[in-house]
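**Q** Fold the stuff below for me.
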Amino acid sequence: VSALERFPLMTEPLIKKQLEGEPCLEVIGAGWGRTGTNSVKIALEKLLDGPCYHMFECAVRPDFQKWIDAYAGKPDWKRIF
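**A** Numbers count the residues shown, from 1 in each chain. I've put the predicted structure just below:
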């Protein structure tokens, strides 16, 4: 199934980047803690057949500095994605 078939509302430039192998962000699911964000993470991983990053992982992953840098206004998106 192509990206266009899976996500018919995606724009052409995003699909082109995805097909060229560039990493792209597909979904941002923002929510307050204890409101089902982990359930949404698990569902997105199944629906999109790929990893979904949840902020609780910052405590167990060594890459938390990348998110601190992004919050400080100096993100390195290639390292993050």
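
**Q** Every contact and neighbour count from this point should use C-alpha atoms.
**A** Will do.

**Q** By residue count, which helix of the chain is the longest?
**A** Using DSSP state H to define each element, the chain has its longest helix at helix 37-48.

**Q** following it, which helix or strand shows up next?
**A** Later in the chain than helix 37-48, the nearest helix or strand by DSSP states H and E is helix 64-71.

**Q** buried ones in that next one?
**A** Within helix 64-71, the residues that count as buried by 16 or more other CA atoms under 10 Å are 66-67.

**Q** right, and the helix or strand after that helix?
**A** Heading C-terminal from helix 64-71 (DSSP H and E), you reach helix 77-80.

**Q** picking up where we left off before, tell me which other helices or strands the longest helix of the chain touches.
**A** Under the contact criterion of 3 or more CA pairs under 8 Å, 6 or more residues apart in numbering; DSSP states H and E, helix 37-48 touches no helix or strand at all.

**Q** and residue 42, how far is that from residue 54?
**A** 10 Å (CA to CA, to the nearest Å).

**Q** Enumerate every residue touching residue 42.
**A** Contacts for residue 42 (CA atoms under 8 Å, 6 or more residues apart in numbering) come out as residue 52.

**Q** Then the one 10 residues further on?
**A** Neighbouring residues of residue 52 by CA under 8 Å, 6+ apart: 41-42, 44-45.

**Q** List only buried entries from these.
**A** The neighbour count (16+ other CA under 10 Å) marks 41, 44 as buried among those.

**Q** ok, of the contacts of residue 52, which one's closest to residue 69?
**A** Using CA to CA, residue 41 comes nearest to residue 69 of the contacts of residue 52, at 23.1 Å.

**Q** What's the per-residue pLDDT of the nearest residue to the closest one once chain neighbours are set aside here?
**A** With sequence-adjacent residues excluded and distances taken as CA to CA, 6 or more residues apart in numbering, residue 41 is closest to residue 52, at 5.8 Å. Residue 52 is assigned a pLDDT of 83 by the prediction.
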